[in-house]
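Student: this is the structure alone, sequence omitted:
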């Protein structure tokens, strides 16, 4: 039986080691995001042999991330399937890449349905395009920056330090309250999670 628990800072070394073995690309496959979003999504981590396993609950229900590590991937997925059955949940894997879907088909032909979740896609930009903000597609981003510069002519960039952290937290609190006014009560949970 697999055991899951909330991630703690002391888990970072072994989690990073297992994540590095597969180097899946995506914001969900790094310890910081797993740790920071643990309360918002009830994220729990476990270890099956040499695989990191992650259980979470979100707007689609409870799910698992594709195991990260090395060894018998089919065995790790069967262990996750047994855990889902023990919880009375369907086996749902989220944040899959095309490569992961191909592996699933190789080991479990025709046993999975795949559905795209556009709201869950990562946003990727080429570094040069983001640095230069060239082209029509990034025109709105240039306008946001220009508006910020016009409205805040004395802005400065500062490193976050223990001394400046209270000011940062106060700014975050003010952002939340303003966003709540503009976004409305319906977005309260999501704003709080952010």
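Tutor: Yep, that arrived. These figures come from a predicted structure and were not determined experimentally. Numbering: from 1, shown residues only.

Student: report the central residue of this protein.
Tutor: Centroid-nearest residue in the chain, with CA atoms, centre = their mean: residue 28, separated by 3.3 Å.

Student: checking that residue next. Helix, strand or coil?
Tutor: coil (DSSP: H, G, I helix; E, B strand; the rest coil).

Student: check the burial of the closest residue to it other than its chain neighbours by counting its neighbours.
Tutor: In this structure, residue 28 finds its nearest non-sequential neighbour in residue 95, 4.7 Å apart by CB to CB, 6 or more residues apart in numbering. Just so you know, the C-beta spots here come from the backbone N, C-alpha and C atoms, and that holds for glycine as well. As a burial measure, residue 95 scores 20 neighbours (other CB atoms under 10 Å).

Student: hang on, isn't residue 95 packed against residue 68?
Tutor: No. Using CB atoms under 8 Å, residue 95 is not in contact with residue 68, being 10.7 Å away.

Student: enumerate the beta-bridge partners assigned to the residue nearest to residue 43 when sequence neighbours are not counted.
Tutor: Leaving out its chain neighbours, the residue that sits closest to residue 43 by CB to CB, 6+ apart is residue 56, at 4.8 Å. Per DSSP bridges, the residues bridged to residue 56 are residue 63.

Student: what's the spacing between residue 56 and residue 114?
Tutor: Going from residue 56 to residue 114 by CB to CB, to the nearest Å gives 18 Å.

Student: neighbour-wise, which of the two wins?
Tutor: residue 56 (23 against 10).

Student: need the contact list for the residue nearest to the centre of the chain.
Tutor: Residue 28 makes contacts with 34, 54, 65, 95, as judged by CB atoms under 8 Å, 6 or more residues apart in numbering.

Student: okay, the last one: pLDDT?
Tutor: What it means is residue 95. pLDDT for residue 95: 84.

Student: and if you look at the third one?
Tutor: pLDDT for residue 65: 95.

Student: name the nearest residue to it, ignoring sequence neighbours.
Tutor: Spatial nearest neighbour of residue 65, excluding adjacent residues (CB to CB, 6+ apart): residue 54 at 4.1 Å.

Student: show residues contacting the host helix or strand of that neighbour.
Tutor: Per DSSP states H and E, residue 54 falls inside strand 51-58. Strand 51-58 has contacts (CB under 8 Å, 6+ apart) with 2, 4, 15, 18-19, 28, 34, 41-47, 62-65, 67-71, 73, 76, 79-80, 83, 94.

Student: buried subset of these?
Tutor: The neighbour-count test (16 or more other CB atoms under 10 Å) marks 2, 4, 15, 18-19, 28, 34, 41, 43-47, 62-65, 67-69, 73, 76, 79-80, 83, 94 as buried among those.

Student: which of these fall within helices?
Tutor: Filtering the buried ones among the contacts of strand 51-58 for membership in helices, criterion DSSP state H, returns 15, 18, 19, 34, 41, 73, 76, 79, 80, 83.
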